[in-house]
Structure formats: structure tokens, C-alpha cells
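[1] predicted structure and sequence below. I'll ask about it afterward.
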Amino acid sequence: MNSPVESIAFARIAGAPLLALPQDLYIPPDALSIFLETFEGPLDLLLYLIKRQNLNILDISITDITAQYLAYMELMTALRWELAADYLVMAATLAELKSRLLLPRASSADEPTADDLRASLIARLQDYARFKQAAIELDARPRLERDLFTVHAALPLGAIQRKQPEVDLHDLVIALRDVWTRVDHLTQHRITRESLSLRERMAEVLNHLSDGMTHHFNALFDPREGRAGVVVTFLALLELLKSNLLELLQSQPFAPIQVQLRTASPSIQITVDDHASA
Amino acid sequence: MTTPPLKHIVEAALFASGTALTLEQIRALFADDERPQRDEIRAVIAELAADYQTRSIEIAEIAGGFRIQVRIEMTPWIARLWNERAPRYSRALLETLALIAYRQPLTRSEIEDMRGVTVSTSIMQTLIEREWVRIIGHRDTPGHPALYATTRTFLEYFGLRSLNDLPKLAEPSAPLPLTLTPPL
Amino acid sequence: MTTPPLKHIVEAALFASGTALTLEQIRALFADDERPQRDEIRAVIAELAADYQTRSIEIAEIAGGFRIQVRIEMTPWIARLWNERAPRYSRALLETLALIAYRQPLTRSEIEDMRGVTVSTSIMQTLIEREWVRIIGHRDTPGHPALYATTRTFLEYFGLRSLNDLPKLAEPSAPLPLTLTPPL
């Protein structure tokens, strides 16, 4: 099997080459969000892989699709860990299926055969594809607020006293407390501007590299900051690469990646704020 | 004061209500001794629909009832009344909603099985808050998970006469729809 | 698609809005190069008023604007539409109102960011019709979104002398995610 990393190099999204790791770490700025948001889950990713090869679901090669799936997963895992659980289950299913296909076992009546497993995966994919399409059609229907508006004639003044719901201040306070609780809950999973600013991080990275030496790629990340911190640092590196302030070095494939300032320009003076948000 | 014609009362009720009214809801507006038959109401609604042919509005049969709505050709101007974009909904939310609409009633974990991912709490919360989806009972299995189904508001919002009016699902054997992921 | 006649657009706007629209509000629905004169709008409103002579509705001039309202003869029947006990407000509406009260002025999308779910147009309409909330201006950002704030009627209803009288509440411990909320 190809190494996952090598397979990623050939990945394409919407027909455009997406990644060429590790020879060149450049990722188009919107690629990250495409990865984070394009796929609604493992079934969606599988459908995409199948579609990309113009294959009919019924003709898929489990071996190929498993290899590609694992390659994508590797990348997604690196970018957003919380996706991993759902995707891991599928990875396990695929690996199991593949091993059964490769190593026929003595048939046992109560164990599903590789063909059964393959058929059930295909059925799931077909089912998912139908509902994915149904969702697109539902979204396209003319709907209230966006495409259709109902009429509302007013009532003659004073003629009808419409009964209005009563609310007391206490209800309002409770409602607000609910929002605050939710905000608290949500923020734990979010990168907020205040705590982890991308621009601030770009400045820190530049500062870190300002000694002119090469640094280990990994050393730029601080695991204590958690996933959000890693992602922000990663984004900061991409932004800096895009604006030609950094360069990446790698002596040979799979060797540790080194980072240094682009030597020609002592451009640390560039104010990071001038950087247009991509 | 003379009683206005039935047609006027029905029209006024549809104008004032703003949502779809069923024949029974319209009948309930009348005192017992003057209550019209369903067929009479149907007849005046058909007359109104004909009257509106040359106007900016139309009568639509929605969610088992009737409502008056602005013709869709007017949308570009009318949408500016609110000076705000209409809410957009994510694919995850729409897929969840489609599953509930076609497969109801079903539990959250059944939705998750079909989609292959965890359904976020905020999606279920949005669906329930919009009153598109509600809990109609609990499955008689361990944990008694809630069963979700769509509501009349869902039909009204998406302009459906009934659940039978939902677009037919593609055949399982059909080739994969070529629609790629919608642009982000 | 051809542009519908001015009369249709004006009629549709009055029907969809439900509240009085001023001539300027109607003019704002049109692009700069197609914007009608005030007199032209007045003329089509007069035509509409004549059309409605034989219908269940009429055009009323109120507070410097125009609105379509049900004729008073219809009220005995229409009143029964709301015969039942007053409905209760949804949690979504109360949360929206609370956020506006405590965080005003703010835009609809800021409310959506904090609540984590979208806010329907009908909630904003209800709050405005109840005269608890009004638009006090527009934020100077792309799209010029409306800024909402509470009204004097709001203070009176809740028995508050001023907004400072609102019960104090602990703020969320983390900063509010004002920009990074993914669309639902």
C-alpha cells in the first residue's frame, strides 16, 4: 500500500490539485476550510472518493478506496481531531473488509462473509447518497422567508384586542442565562479572536525565527495550547508562507521539516496588520 | 349590519391569519347556525384564486390548508423589506431534516447511523426551535430514545401540501447524483 | 423575467409587510435606476384602494404610511381566529429579547452568533409588532445590518425605570465568539 502521505499528494478537490506534501507544504488558504467543511462525515468522504474516479458505487475496489480513505483521514486527523471518532469507525470497517477480502477464511455460518460486508457498505453508501440528494432538493424548494412571503393584513384599529402572551422579567433572565451557559459551552470548542489571534501568532512565529537560524517545524507548536493552538500556529505558518516571509526546507522525503525566514528580506519589520485577511 | 358574503369573510380570514388555514379552521369562525359546508368554502376559495390571477398574490394549498402568498416574481423587491439575508442552513442540518422528513418517526441514533456522523445538539435544537421537528414519542427500547417527526410548520415553511408532496427519493440503484458538494 | 407592474410590487410589499409602509420605505425596495417617484406610488395606492372597494380589505393611511387592513365589518368572524388563550412565546423569542435587552444595540447576526442558532424573521417581526424592540440604526459594515434595541414600551411592560434596572447577570466566562461561528 502506498504511504498515506504519498497518496495525499495526489488528492484533488473540485478538480484542482490540493496538496503536495511533503515536498511543498503550501496549502491554498481556503483548502483548510474546504477540508473542515466539505465532508459531512465518512460516508460523504467515501462518496466523494468514488465520484472522483467516476466509479459506480457497485464497482468500487475496497482496496483502493481503503487506501485513499486512510490517506485523507491522516490529513483530517492532523487538522481537526474531533472529527476522528466517526471517521475512525469507518476506517476500522474498511480495514476489516479489506483484510477479509485478501485473506479468505474458513466459512462459518454465523459470521458475515466479505461479500456481505461489502454489500452492506454499498447499501449504506447508496442510502446516504439518496438523502444527500434529497437535502439538496429540499434546500432548493421555494421556502418562506427566503423565496415566499405570506400576506398579513392588519386588523382595524381597536376592533380586535388580540390576546398577547404574557412574559415576566424572570422569564427573560432565565432565557439570558440559558444563552450564557450555551456560549460558555460552545466557546470551549472554538478558537476565539481574543485568546488566539492569527495575526498575533504570525508575529510570534516571525519573532521566534528572527535569529535567522533554521528551526524544527515541530518546535513551533506548543502542545500545551491544545488543538486550537496547534491549528492557529499552523494557519499562521500557511499565511506567512503565502506571503513569502518563510521558507520550508527538507533534506529528503520524510525527513524533518525545517523552517527559516526568507533570507533576502529582513521583513520582520512588515507590520502584520497590513496583511489582508485571506 | 348585514352579514358580508362568505367570500369576503374567507378572504379576510386568510389575509389576517398569515398562515395556512384548514377548511375546519375556517368553518370554526362561524356560529353554529350559519356555518358553511366544506364545499361552499372550497368554491369561494376557487373564486378568490381566479380573482387573484391578475394580482400580485395567489392562493396556495399548503399543509392541508390554504394560504395567501405573494407571487414569487415579487421576491426580489419584497425581500428588501427586511434588509437582511434570509437564514441559511448547513448541509448537516438539511440532511438531518431530510432524513426525518422521509423516514419519520426515527431516533437521533438512527439518524446518526444513516449519516455516519454524530448529529450535533445545536442542529436538533435548531430544528425543534424552528418548529420543523418535534418529539412525538419514545421508542420502546432501552433508554427510551425520543422519536422525531416533522410538523405542520415544516410543511408550511417548505411549501408542501403534505408529506406525500416531498420529492421522490432517487432509486437506490440510480447512478450517483452528479451534484457535487455545494460551494462553500 | 420581466419586471412586474409597479402596482403589483407596491401591493405585494403592503401585503407582506403587515405594518404601515411610508412612501420612502416603498421607494427603498427599488434599485436606483428603477426607483419610482412618490407621486407614482401615491397613484398606484389610490388605484389599489379603488380595487379593494368590493373586497374584504381596505388601505388605511396611518402614521405617515399606508397599510392594508381587514374591513371592520369582518371583525366578528376574524376575532375568532384568536379565540383561544394567548399562546406562549417560544424560548427562541425570549432569548432573543433578553439578548437585545442586555446587549443593545446589536444586529440579528450578532444575536445568532450568541445563540448559536438562526433567528427567524417572524421572531423579529413579533418583537417589533409588540413594540418591545425597534430598529434604531444600521451598523456601518457591509450590508448595513439593522441595529435592534428595546423601546420605552418594553421598559413599561416589565416595570423598569431604565435599562440599568435590569437584573444583573454574570457574563459568560469566555469572550463571546463574535466572528467564528460556523453557519448552522
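    Yes, it's here.
[2] from now on I want contacts and neighbour counts done on CA atoms only, so please keep to that.
    Will do.
[3] average model confidence for stretch A:115-131?
    Stretch A:115-131 carries an average pLDDT of 88.
[4] for that stretch, C-alpha coordinates in PDB please.
    Provided in PDB are the C-alpha atoms of stretch A:115-131 (Å, rounded to 0.1, in the frame of the first residue of the first chain):
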ATOM      1  CA  ASP A 115     -19.300 -10.200   0.200                       C
ATOM      2  CA  ASP A 116     -21.900  -9.500   2.800                       C
ATOM      3  CA  LEU A 117     -19.900  -6.700   4.400                       C
ATOM      4  CA  ARG A 118     -19.100  -5.200   1.100                       C
ATOM      5  CA  ALA A 119     -22.800  -5.300   0.100                       C
ATOM      6  CA  SER A 120     -23.900  -3.700   3.300                       C
ATOM      7  CA  LEU A 121     -21.300  -0.900   3.000                       C
ATOM      8  CA  ILE A 122     -22.500  -0.300  -0.600                       C
ATOM      9  CA  ALA A 123     -26.100  -0.200   0.600                       C
ATOM     10  CA  ARG A 124     -25.200   2.400   3.300                       C
ATOM     11  CA  LEU A 125     -23.500   4.500   0.700                       C
ATOM     12  CA  GLN A 126     -26.400   4.300  -1.700                       C
ATOM     13  CA  ASP A 127     -28.800   5.200   1.000                       C
ATOM     14  CA  TYR A 128     -26.700   8.100   2.200                       C
ATOM     15  CA  ALA A 129     -26.400   9.400  -1.400                       C
ATOM     16  CA  ARG A 130     -30.100   9.400  -1.800                       C
ATOM     17  CA  PHE A 131     -30.600  11.500   1.300                       C
END
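[5] which residues sit against it?
    A:43-44, A:46-47, A:57-58, A:62, A:97, B:95, B:98-99, B:114-115, B:169-173, B:176-177 (C-alpha atoms under 8 Å, 6 or more residues apart in numbering or on different chains).
[6] ChimeraX command for the buried members of those?
    Buried residues within those, by 16 or more other C-alpha atoms under 10 Å in any protein chain shown, are selected in ChimeraX with:
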select /A:43,44,46,47,57,62,97 /B:95,98,99,114,115,170,176
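[7] in strands only, show me the contacts of stretch A:115-131.
    Judged by DSSP state E, the subset of those located in strands is empty.
[8] give me the subset of the contacts of stretch A:115-131 that lies in helices.
    A:Leu43, A:Asp44, A:Leu46, A:Leu47, A:Ile62, A:Leu97, B:Glu95, B:Ala98, B:Leu99, B:Met114, B:Arg115 (DSSP state H).
[9] max pairwise distance over these: which two?
    Greatest spatial distance among those (C-alpha to C-alpha): A:Leu97 and B:Ala98, at 29.8 Å.
[10] can you give me the helices in chain B?
    If DSSP H is used as the criterion, the helices of chain B fall at B:6-17, B:23-27, B:38-51, B:75-78, B:91-103, B:108-115, B:121-129, B:152-157.
[11] repeat that for the stretch 151-278 of chain A.
    A:169-187, A:198-208, A:226-242 (DSSP state H, counting those that start in this stretch).
[12] right, I'll call it a day here.
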